[in-house]
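Undergrad: sequence plus predicted model, see below.
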There are 2 protein chains.
Amino acid sequence: MGIDPGLANTGFGVVRVAGSRMTAIDGGTIEVPPDAPPERRLRTIHESLAELIQWHEPESVALESLYFGKNVRSALGVGQARGVIMLAAAERDLGCFDYTPQAVKLAVCGNGSAGKDQVKHMVGVLLGLPCEPPSDHAADALAVAVCHAAHLQGASALNPVPPATRAGAPEVALQ
Amino acid sequence: MGIDPGLANTGFGVVRVAGSRMTAIDGGTIEVPPDAPPERRLRTIHESLAELIQWHEPESVALESLYFGKNVRSALGVGQARGVIMLAAAERDLGCFDYTPQAVKLAVCGNGSAGKDQVKHMVGVLLGLPCEPPSDHAADALAVAVCHAAHLQGASALNPVPPATRAGAPEVALQ
């Protein structure tokens, strides 16, 4: 399971790996009302993610780490969201793994400074999606999951799904 | 309940206010093994704090906010700890309140740039403690609780406990 953490929008993506084939099982965004107090938003993020983890039973949780060019205030907000996400993983005895945005882009696009559209496109190609991921957050989360899967499996996992397979009925239920 | 959040050591302090009298009910530090993975540390912090909240049933939770001179990496770590602390509060429908270190020092010592020893000393005086708080983290957490209580009650709550009362058996069970 890949996560793009944020206090307002947290993207999630679940990827299944079988041999050199990767398929998207789920992907979407946990949105929280921006006018709710932070502690209520964190509760919503934690509850939603705990439910997703219980449902999908992922082997591990990979998070996009913060771009350290960000300022301290936004680091604190993202840190709070990361805290409850990592807690949801630990409560199911799952390990957490961190990947920088650069590492994710490099794994998915072969270029550590690829743009958002390129990431979205390549996530679709690698996972054989019939349509684009529903949001940038979902695309980023799926990209983190792909990056983590590739890291676990070696670079061969990053071969695009062949068109024949892609044209079939991919195992995908994007929100 | 006041909290001094940290990924390695989280201080907590519980203060009861009755009229102009403030007493310390509990105070200590949640220590987590530094070699444990961050998600396990967050789980320990969350579990310990959830237990303390269930036990003491505080009216609200006040946190010392980050000193923004800190760097992004430490902001992220403290942010993660804050996330699970705020979650523990929200799970009991408690509101969270933030005070800067300067505001806490001002409320407790009358000086926003007071040193650690001065804060420790004044926390002891204001709460009529028979001994010094057990750690800097506990002292800071009690100071945040005092600051929040004073904020809710107005400045009169900050009158030191009179010596006669202080000499009695203060309601204190510091860890």
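TA: Looks like it arrived, so ask away. Numbering: from 1, shown residues only, chains lettered A, B, ... in the order given.

Undergrad: residue in chain A nearest to chain B?
TA: Nearest residue of chain A to chain B: residue A:79, at 1.9 Å (CB to the nearest CB). (Each C-beta comes from the backbone N, C-alpha and C, glycine too.)

Undergrad: correct me, but that residue touches residue B:73?
TA: No: contact status for residue A:79 versus residue B:73: not in contact, 9.9 Å apart, counting by CB atoms under 8 Å.

Undergrad: next, the residue of chain A closest to chain B: secondary structure please.
TA: Secondary structure, DSSP: H, G, I helix; E, B strand; the rest coil: residue A:79 is helix.

Undergrad: excluding chain neighbours, what is closest to it?
TA: Leaving aside its sequence neighbours, residue A:79 sits nearest to residue B:79 (CB to CB, 6 or more residues apart in numbering or on different chains; 1.9 Å).

Undergrad: touching, that neighbour and residue A:80? I think so.
TA: Yes: counting by CB under 8 Å, residue B:79 touches residue A:80, with 4.9 Å between them.

Undergrad: does stretch A:86-105 reach chain B?
TA: Yes: using CB under 8 Å from any CB of the partner chain, stretch A:86-105 comes into contact with chain B via A:86-87, A:89-91, A:94-96.

Undergrad: can you tell me how far residue A:56 is from residue A:83?
TA: Distance from residue A:56 to residue A:83, counting by CB to CB, to the nearest Å: 21 Å.

Undergrad: quick one: which of these two has more around it?
TA: residue A:83 (33 against 14; other CB atoms under 10 Å in any protein chain shown).

Undergrad: more neighbours, residue A:79 and residue B:73?
TA: Neighbour comparison, residue A:79 and residue B:73: the larger count goes to residue A:79, with 27 against 13 (by other CB under 10 Å).

Undergrad: can you pull the contacts of the more buried one?
TA: Going by CB atoms under 8 Å, 6 or more residues apart in numbering or on different chains, residue A:79 touches A:66, B:75-80, B:82-83.

Undergrad: let's see it at 10 Å
TA: By CB atoms under 10 Å, 6 or more residues apart in numbering or on different chains, the contact list for residue A:79 reads A:5, A:7, A:66, A:72, B:7, B:66, B:72-83.

Undergrad: chain A: strands as residue ranges?
TA: For chain A, strands defined by DSSP state E occupy the ranges A:2-4, A:9-18, A:21-31, A:61-64, A:96-99.

Undergrad: just name the most buried of the ones you listed.
TA: strand A:2-4 (a mean of 28; mean count of other CB atoms under 10 Å in any protein chain shown).

Undergrad: average pLDDT for it?
TA: The average pLDDT within strand A:2-4 is 97.

Undergrad: neighbouring strands for it, and are they parallel or not?
TA: strand A:9-18 (antiparallel), strand A:61-64 (parallel) (DSSP bridges).

Undergrad: chain center to that strand: distance?
TA: With CA atoms, centre = their mean, to the nearest Å as the basis, strand A:2-4 stands 3 Å off its chain's centre.

Undergrad: in chain A, which spans are helices?
TA: Taking DSSP state H as the criterion, chain A contains helices spanning A:38-56, A:72-90, A:101-109, A:116-127, A:136-153, A:163-167.

Undergrad: make CSV out of those helices and add mean pLDDT.
TA: Converted to CSV, the helices of chain A look like this (pLDDT from 0 to 100):
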stretch, mean pLDDT
helix A:38-56, 97
helix A:72-90, 92
helix A:101-109, 95
helix A:116-127, 94
helix A:136-153, 94
helix A:163-167, 32
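
Undergrad: for residue A:32, find the nearest of the ones you listed.
TA: helix A:38-56 (4.2 Å; CB to CB).

Undergrad: for residue A:143, grab the count of nearby residues.
TA: If we define neighbours as other CB under 10 Å, then residue A:143 has 32 of them.

Undergrad: try residue A:152
TA: If we define neighbours as other CB under 10 Å, then residue A:152 has 13 of them.

Undergrad: same question, residue A:116
TA: Counted with other CB under 10 Å, residue A:116 comes out at 11.

Undergrad: wait, residue A:116 sits on residue A:132?
TA: No: with contact defined as CB atoms under 10 Å, residue A:116 does not count as touching residue A:132 (11.5 Å).

Undergrad: quick check: neighbours shared by these two?
TA: Common contact partners of residue A:116 and residue A:132 (CB under 10 Å, 6+ apart): residue A:139.
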